[in-house]
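**Student:** got a structure for you, letters missing:
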């Protein structure tokens, strides 16, 4: 918790909202890239308290939401093979694939294990030498280095029964793709604080410069979120388009150099489709060729992720680009709920649709 | 997925860069976390932990500068603020 000038959290929130409102001269549309921030804005009731001149657009920073449906299908298929264990984070279990999800596959007998850290998947492989452990790895740059460490650990232990089904993605190329879309109306970004603890802020400078948008690295508590917005508004009102950080205590300009170097050792960038958004130039991280021994794609001869899949009517791409507000979707709360999700943003703890749905439920209950 | 939680290192275990770990105090519980991504961390450091890995160390002076700048935005004549800056964080 940050207490500024001796203020309590509530006082700091009020002060930030007031000083922001006082400085506004026109409407601004600001995208928070990170789904965790979307949930925090909604959960803390901040959306309703923002000055009406500020419109928040919710961005694509939900790794579960952008994982290609063909990767989910791959994971389900691998988990059904004899002597294969698929290990992944709990968030992935209920994400709909083409016909099923990992939770249903597990109920039908597939071996799917939930892990809380990639190292657990490596330990599992070491304990079960007669079986093959596939770690289904998703996440942005915050999580990718931890998968990279798991690969290096498996190599050091000379494990022949561990591989990674990678669906790691990068924030800056997605920001560019969203800004390049003809219907974009983004004036500024709140960049994801946790991603920047790894990557630093340098990658964002060409985006701010080339597109003329301020970018503020922002944290996750109410005070952090509003501090980021206040910095953003100040830059917009002054006509500046720089990169600044309101999360500088944790996200340093150079990021985490060791994590970045380990990522470079294990991954290379590639242009692959994101669910709902299509191909994003250099937006994905795949294992380097020399690490094929630890690549589930190479081990099991998988085809590259493809764009197809969402036969159901979920317009998740428009939600992930901030063009469609969750509650404006014709399916929201009708044929799409967290219990029976039509698309990934309704499932994930970082999906914008789930954030709106859970908030509406909480309000209904109170 | 990007959940990251701040805690304080109370013990360092091991020195191998790939496998060294720390016992981290998160107020309500202590957990063992990997230092593979932050091998220079020391006892007493505030660190941000993501999926079992310490990923960043708090720079208190930088956190304080953020607040000093915010105060100046709202009141250009304001003195540099006194801040306590243990930035809690979750998503």
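**Tutor:** Structure's in. What do you need? Predicted, not measured: the structure shown is a model, and the values here were computed from it. Numbering: from 1, shown residues only, chains lettered A, B, ... in the order given.
**Student:** So which elements touch the helix or strand harbouring residue A:65?
**Tutor:** Per DSSP states H and E: residue A:65 is located in helix A:63-66. Helix A:63-66 is packed against strand A:132-139, strand A:162-169, helix A:316-320, with contacts defined by 3 or more C-beta pairs under 8 Å, 6 or more residues apart in numbering or on different chains; DSSP states H and E. Heads up, the C-betas are built off the backbone N, CA and C, glycines and all.
**Student:** what about it, distance to the chain center?
**Tutor:** 6 Å (C-alpha atoms, centre = their mean, to the nearest Å).
**Student:** Relative to residue A:50, which of the helices and strands packed on helix A:63-66 is closest?
**Tutor:** Each of these has some distance to residue A:50 by C-beta to C-beta; the shortest is helix A:316-320, at 19.5 Å.
**Student:** For that closest one, buried residues please.
**Tutor:** Neighbour counts over helix A:316-320 (16 or more other C-beta atoms under 10 Å in any protein chain shown) mark A:316, A:317, A:318, A:319, A:320 as buried.
**Student:** I'd like to know which of the residues you listed is nearest to residue A:353.
**Tutor:** Nearest to residue A:353, judged by C-beta to C-beta, of those is residue A:319 at 6.4 Å.
**Student:** Tell me where the longest strand sits in chain B.
**Tutor:** Longest strand of chain B, by residue count under DSSP state E: strand B:5-13.
**Student:** Neighbouring strands - and their directions - for that one?
**Tutor:** Sheet pairing of strand B:5-13 (DSSP bridges) gives strand B:21-25 (antiparallel), strand B:46-50 (antiparallel).
**Student:** shaky segments in chain A?
**Tutor:** Low-confidence segments of chain A (pLDDT under 70): A:1-5, A:308-312, A:366.
**Student:** now do 80
**Tutor:** Chain A contains residues with pLDDT under 80 at A:1-6, A:306-313, A:364-366.
**Student:** Which residue is it, in it, that comes closest to chain B?
**Tutor:** Nearest residue of chain A to chain B: residue A:36, at 2.3 Å (C-beta to the nearest C-beta).
**Student:** ok, that residue to residue A:169 distance?
**Tutor:** According to C-beta to C-beta, to the nearest Å, residue A:36 and residue A:169 sit 15 Å apart.
**Student:** Likewise for residue A:219?
**Tutor:** When distance is defined by C-beta to C-beta, residue A:219 is 21 Å away from residue A:169.
**Student:** who's more crowded, these two?
**Tutor:** Shown here are residue A:219 and residue A:169; by other C-beta atoms under 10 Å in any protein chain shown, residue A:219 has more neighbours (33 against 25).
**Student:** list the contacts for residue A:193?
**Tutor:** Residue A:193 makes contact with A:34, A:217, A:218, A:219, A:220, A:224, A:247, A:250, A:251, B:89, according to C-beta atoms under 8 Å, 6 or more residues apart in numbering or on different chains.
**Student:** Can you tell me the closest non-neighbouring residue to it?
**Tutor:** residue A:247 (3.9 Å; C-beta to C-beta, 6 or more residues apart in numbering or on different chains).
**Student:** Residue A:104: which element?
**Tutor:** Using DSSP H and E, residue A:104 sits in helix A:102-107.
**Student:** Please disregard the earlier target; I meant residue A:177.
**Tutor:** Counting by DSSP H and E, residue A:177 is found in helix A:171-180.
**Student:** Mind giving me the packing neighbours of that helix?
**Tutor:** When contacts are defined as 3+ C-beta pairs under 8 Å, 6+ apart, helix A:171-180 packs onto strand A:28-34, strand A:54-61, strand A:188-192, helix A:205-211, strand A:278-287.
**Student:** Show me which positions of the second one end up buried.
**Tutor:** Residues of strand A:54-61 classed as buried by neighbour count (16+ other C-beta under 10 Å): A:54, A:55, A:56, A:57, A:58, A:59, A:60, A:61.
**Student:** residue contacts, the last one?
**Tutor:** By that I understand residue A:61. By C-beta under 8 Å, 6+ apart, the contact list for residue A:61 reads A:32-38, A:140, A:171, A:174, A:192, A:195, A:350, B:2.
**Student:** switch to 6 Å and redo it
**Tutor:** For residue A:61, the contacting residues are A:33, A:34, A:35, A:192, by C-beta atoms under 6 Å, 6 or more residues apart in numbering or on different chains.
**Student:** Give me the neighbour count for residue 6.
**Tutor:** All of this refers to chain A. Around residue A:6 there are 11 residues (other C-beta under 10 Å).
**Student:** looking at chain B here, not the other one
**Tutor:** Neighbour count for residue B:6, taken as other C-beta under 10 Å: 20.
**Student:** what is it paired to in the beta sheet?
**Tutor:** Beta-bridge partners, per DSSP bridges, of residue B:6: residue B:48.
**Student:** hang on, isn't residue A:215 packed against residue A:241?
**Tutor:** No: in this structure, residue A:215 is not within contact of residue A:241 by C-beta atoms under 6 Å, at 8.1 Å.
**Student:** more crowded one of the two?
**Tutor:** residue A:215 (26 against 18).
**Student:** Next up, phi/psi of the more buried one, please.
**Tutor:** Backbone torsions for residue A:215, taken as degrees, to the nearest 10, come to phi -130, psi 120.
**Student:** Who are the contact partners of it?
**Tutor:** By C-beta under 6 Å, 6+ apart, the neighbours of residue A:215 are A:189, A:191, A:204, A:208, A:243.
**Student:** Try it again at 7 Å.
**Tutor:** Counting by C-beta atoms under 7 Å, 6 or more residues apart in numbering or on different chains, residue A:215 touches A:189, A:191, A:204, A:207, A:208, A:243.
**Student:** Export those as a markdown table, with columns for distance to residue A:129.
**Tutor:** As requested, these are exported to a markdown table (distance: C-beta to C-beta, whole Å):
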| residue | distance to residue A:129 |
| --- | --- |
| A:189 | 47 |
| A:191 | 43 |
| A:204 | 44 |
| A:207 | 46 |
| A:208 | 50 |
| A:243 | 48 |
